[in-house]
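> Curious how this folds, go ahead:
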Amino acid sequence: MAKGGINAVGIVVIVVWFSIIVILLLGALLFQRQRTQALCRGRKFGRPLEFQSPDDAPRTFVQNGYQTSTIGQILLYSWGLIFAIGYGYMVLFTWLSYSPKFYAPSCGLEIFRNWNGLLAPWLLIFTSIHIIGMVLVLTWPAMRSGFMMPVDNLGLATHVVIEEDVSFDTDASMVDPDDFLTGLRRRLRRKAAQAGRRLQRAKCRTVTPVVVDSDGTRRIEYTCVRYVFSSNDGCFQPTGSAEFTALGVHEVLERGGLSEAEAKDRENLHHPHVHWYTGIDLREGRACLATNIATFQYFVTYSFFLTTVRTAYTIDGALSFADYVWIIMDVGIGIIMVYTMTQSLPTEKLCNYRPTATLLGPRTISAILFPCLSALLAKPWYVKLDPISEIHVPPKDWNLRGDN
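Alright, predicted model coming up:
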């Protein structure tokens with residue numbers, strides 16, 4: 001082994017890390033095999049779901065019953081745990097690599113012998129947790145249902161997975177007559193296409209928990225409609241629904257809503273947990289629209305600044321961002337800021353004007369250009385720095401040019 005390279009501690013860290021990933025993969029494969037066998041044993045898995053499309057287009061939905069599995073939940077959340085552990089390792093040893101600066105102890109460099117020995121496992125863990133994070137973000141809805149056990153009796157289900165039944169998808173049976181690929185390549189491409197379609201279908205699933213009321217009523221909520229389990233039909237049926245014409249809605253609004261007697265009659269006809277009211281509430285819709293536009297404006301402004309500063313650093317000074325800059329952007333912006341954006345709630349009163357819904361409209365563009373131009377033109381924001389002559393970083397140590 002070359003002097004100054006990775007030592008035995010670094011090798012142990014790498015082996016242990018990837019051994020855990022392999023164990024989780026094997027556990028997931030074994031659980032999926034058991035789940036597939038249970039799915040094949042199901043006598044009648046899946047029931048049709050009554051759904052009224054807003055555009056009156058014919059759409060067929062299916063409700064599938066699942067039970068929470070202890071082993072499945074352990075496997076599912078172990079992937080999130082290993083992501084958190086890897087991220088914590090990355091942050092901790094980034095700090096230790098700066099020893100003795102930033103009050104970092106020297107134990108990290110001593111354990112791994114030197115900076116190179118510390119960096120080797122750090123890079124592998126850094127790469128793997130970003131891959132795991134990307135997979136979790138893209139497939140989390142599918143993973144939630146994939147780590148539950150299917151049940152053919154919806155009355156025993158703890159969760160209901162609702163998905164659209166696209167029976168007219170014929171891509172799998174279509175063959176390109178000009179396709180002269182070899183047999184192996186054709187099978188591989190077909191398998192990849194099937195996996196992509198399954199993933200796309202799984203991402204459109206909605207997992208809803210089954211709520212059991214004090215009187216034993218089992219119910220779910222989907223698209224603001226309450227479904228109550230019917231033992232006679234063996235599935236969840238919509239309850240508390242009614243159809244109003246435009247004239248009927250206008251008349252009810254003119255009267256200020258349903259009377260107490262009318263509401264009581266509707267409640268007795270359907271379900272005691274359904275509360276009837278007539279009204280038009282625009283707050284949620286406007287809050288959702290305003291949050292989406294504000295999120296778009298924020299990330300466009302953030303991306304503009306990040307790209308501009310990083311390009312100026314790279315071209316003019318051959319510099320790069322320090323590790324803590326990337327960590328702050330990942331944690332402070334990628335996690336904390338995004339979380340706060342999802343917690344936006346509607347106000348009690350509506351403003352006199354509605355939020356814009358145009359991404360390239362004057363209100364959206366001006367809200368992006370104003371902070372960008374004001375920050376760039378207010379004062380000099382970049383001080384030229386020569387990494388070779390001023391901070392004495394030779395070209396061979398290019399990876400240290402982020403320590404500025």
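> what is the mean pLDDT for the strand ranked longest in the chain?
In the chain, taking DSSP state E as the definition, the longest strand is strand 61-68. Average pLDDT, strand 61-68: 84.
> And for it, what's in contact with it?
45-49, 51, 145, 148-154, 156-165, 207, 227, 235-236 (C-beta atoms under 8 Å, 6 or more residues apart in numbering). In this view, the C-beta of every residue, glycine as well, is placed from N, C-alpha and C.
> Ok, stretch 13-28 next?
With C-beta under 8 Å, 6+ apart, stretch 13-28 has contacts from 75, 78, 79, 82, 86, 120, 121, 124, 125, 128, 132, 147.
> circling back to that earlier point, can you give me how far the longest strand of the chain is from the chain middle?
In terms of C-alpha atoms, centre = their mean, to the nearest Å, the centre of strand 61-68 is found 21 Å from the chain centre.
> Now do the buried residues in that strand.
61, 63, 64, 65, 66, 67 (16 or more other C-beta atoms under 10 Å).
> show me where this structure has strands.
Counting by DSSP E, the strands of the chain are 47-49, 61-68, 148-151, 159-164, 206-209, 211-212, 218-222, 225-230, 235-238.
> Can you give me the buried ones in the last one?
In other words, strand 235-238. 235, 236.
> Direction included, what does that strand pair against?
strand 225-230 (antiparallel) (DSSP bridges).
> mind giving me TSV with the buried residues of strand 61-68 and columns for distance to residue 191?
TSV is the format used below for those (distance: C-beta to C-beta, whole Å):
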residue	distance to residue 191
61	28
63	29
64	24
65	29
66	26
67	30
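> of all these, which comes closest to residue 334?
Closest approach between the buried residues of strand 61-68 and residue 334, by C-beta to C-beta: residue 66, at 31.0 Å.
> what's the closest non-adjacent residue to the closest one?
In space, and not counting its chain neighbours, residue 66 is closest to residue 148: 3.8 Å by C-beta to C-beta, 6 or more residues apart in numbering.
> Now which of the contacts of stretch 13-28 would you call buried?
The buried subset of those - by 16+ other C-beta under 10 Å - is 75, 79, 82, 86, 120, 121, 124, 125, 128, 132, 147.
> Leaving out sequence neighbours, find the closest residue to residue 308.
Per C-beta to C-beta, 6+ apart, closest to residue 308 is residue 376, 7.6 Å.
> what's the answer for residue 133, then?
residue 83 (5.6 Å).
> Tell me, how many residues neighbour the one you found?
18 (other C-beta atoms under 10 Å).
> which residues touch it?
Per C-beta under 8 Å, 6+ apart, neighbours of residue 83: 129, 132, 133, 136.
> which among those gets closest to residue 10?
Distances from residue 10 to the contacts of residue 83, taken by C-beta to C-beta, are shortest for residue 129, at 17.0 Å.
> Against residue 22, how distant is the closest one?
15 Å (C-beta to C-beta, to the nearest Å).
> Which one's more surrounded, those two?
Higher neighbour count among residue 129 and residue 22: residue 129, with 20 against 10, using other C-beta under 10 Å.
> What score does the nearest residue to that one once chain neighbours are set aside have for pLDDT?
Nearest residue to residue 129 in three dimensions, chain neighbours excluded: residue 86, at 3.7 Å (C-beta to C-beta, 6+ apart). On pLDDT, residue 86 comes in at 92.
> Would you mind measuring from residue 86 to residue 162?
For residue 86 relative to residue 162 (C-beta to C-beta), the value is 33 Å.
> try residue 16
Taking C-beta to C-beta, one finds residue 16 at 40 Å from residue 162.
> more crowded one of these two?
residue 162 (20 against 10).
> dump the residue contacts of the closest residue to the more buried one other than its chain neighbours.
The spatial neighbour of residue 162 that comes closest, neighbours along the chain excluded (C-beta to C-beta, 6+ apart), is residue 206 at 4.6 Å. Residue 206 is in contact with 141, 161, 162, 163, 222, counting by C-beta under 8 Å, 6+ apart.
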